[in-house]
Every structure is written in structure tokens, then in C-alpha cells.
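>>> Give me a 3D structure for the following:
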Amino acid sequence: MSQTSAAFTPADRDAAILSSRPLVETAFLPPTTDGPTVGDFLHRTLRPVLKLQNELLLLLVADFIQEHHIPFLTSAVVEQQRVVAELLTRNVKLRYLLVGTVVGLFTQSELAFYRPHRAELNRRLLELATRRVQDHVAALATLLAEGTAAGE
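Model prediction:
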């Protein structure tokens, strides 16, 4: 084992995670006086992580669409948005993949808050991810047209 990896502490990991997140305007809201809330978590954690992971979310959805031979490129934008919503609502495998992609970038304290609020936060996370992918269906279509989703 190298000396570098042995010296990397959980606090170092948390600092690296936080420093990699983009700034999101709502992340600067004043804290609530009653302690952290699900709403605070949504603005301070979920939104910045989803913004950071935006390109990866699009790649994962594009890969899923390609893998399952879903007709996407020939559809109108409204239909593409409906397909995205349906995939992220009904497909458990894809839902868990997207949740894991986001939760993997939580700090220790964020993960401690997430655990007891998992159901509510997963619901909100998937709503935000769905909206984000729907807002970027043109980029998703470009990924599919280029064949970059599956590494072709």
C-alpha cells in the first residue's frame, strides 16, 4: 500500500468532494435555526452534486436508451421528455444507478443526514435528475447520435 493512500483520511475525502462541487446560487441560503432540513439538504447538497454530475447523468441515460434500443432520436422533443420521465419513474435499475451516482459524492455528514431521510431525498433527487435530463434532451440526443453513450 502506498504511503499516499494511507494518509488520505475521511476528512480529506470530504474536503476533496466539497472543493469539486460547482457553486449553485441556492447553496448560499442562510441555515435554518432548527437544524438541517430536507429542504436545506436539497439546496446545499443535491443541487450542487447534480450540477457536477450533469454530463455523467446524460451519458448514463443515453447508454440506457441505446442498450435497450429505445427509439429516441426520431421522436419529437416533447416525446423525448416523456420517455425520459417514464424511464426515470419506472425503471428501477436506472433509478438506483442515478441515485448511487449522486450519493457517492456525499460527505460523511451528508450521508449521516441522508440515511434517515433516504425515501424523501431519493424522491426529490430523482425529480431533480428527471428535470435536469429533460431540460437537456438536445444534448442527450447529440450523445445518442454521436454514439458516445456506449463508447462506440
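
>>> How much space separates Thr9 from His69?
Separation of Thr9 from His69 (C-beta to C-beta, to the nearest Å): 46 Å. Backbone N, C-alpha and C define where each C-beta goes, glycine included.

>>> mind listing what's buried in the helix or strand encompassing Leu128?
Using DSSP states H and E, Leu128 falls within helix 118-135. Of all the residues in helix 118-135, those buried under the rule 16 or more other C-beta atoms under 10 Å are 121-122, 124-126, 128-130, 132-134.

>>> Identify the farthest-apart pair in the residues you listed.
The span of the buried residues of helix 118-135, defined through C-beta to C-beta, is set by Leu121 and Gln134 at 20.0 Å.

>>> next SSE after the lowest-mean-pLDDT helix or strand in the chain?
The helix or strand of the chain with the lowest confidence, counting by mean pLDDT, DSSP states H and E, is helix 3-7 at a mean of 60. Proceeding N to C from helix 3-7, the next assigned helix or strand is helix 10-20, under DSSP H and E.

>>> Give me the residues contacting that following helix.
Helix 10-20 is contacted from outside by 52, 105-109, using C-beta atoms under 8 Å, 6 or more residues apart in numbering.

>>> From what I see, Trp64 and Arg90 are in contact.
Not quite, residue 64 is Phe, not Trp. No: contact criterion C-beta atoms under 8 Å: Phe64 and Arg90 do not qualify, at 12.0 Å.

>>> between those two, which one's more packed in?
Between Phe64 and Arg90, Phe64 has the larger neighbour count (other C-beta atoms under 10 Å), namely 19 against 9.

>>> so who does that one touch?
Phe64 makes contacts with 70, 87, 91, 94, as judged by C-beta under 8 Å, 6+ apart.

>>> Just give the nearest non-adjacent residue to Ile65, would you?
Nearest residue to Ile65, sequence neighbours excluded (C-beta to C-beta, 6 or more residues apart in numbering): Phe72, at 5.1 Å.

>>> Leu98 and Asp12: what is the separation?
Leu98 is 27 Å from Asp12, where distance means C-beta to C-beta.
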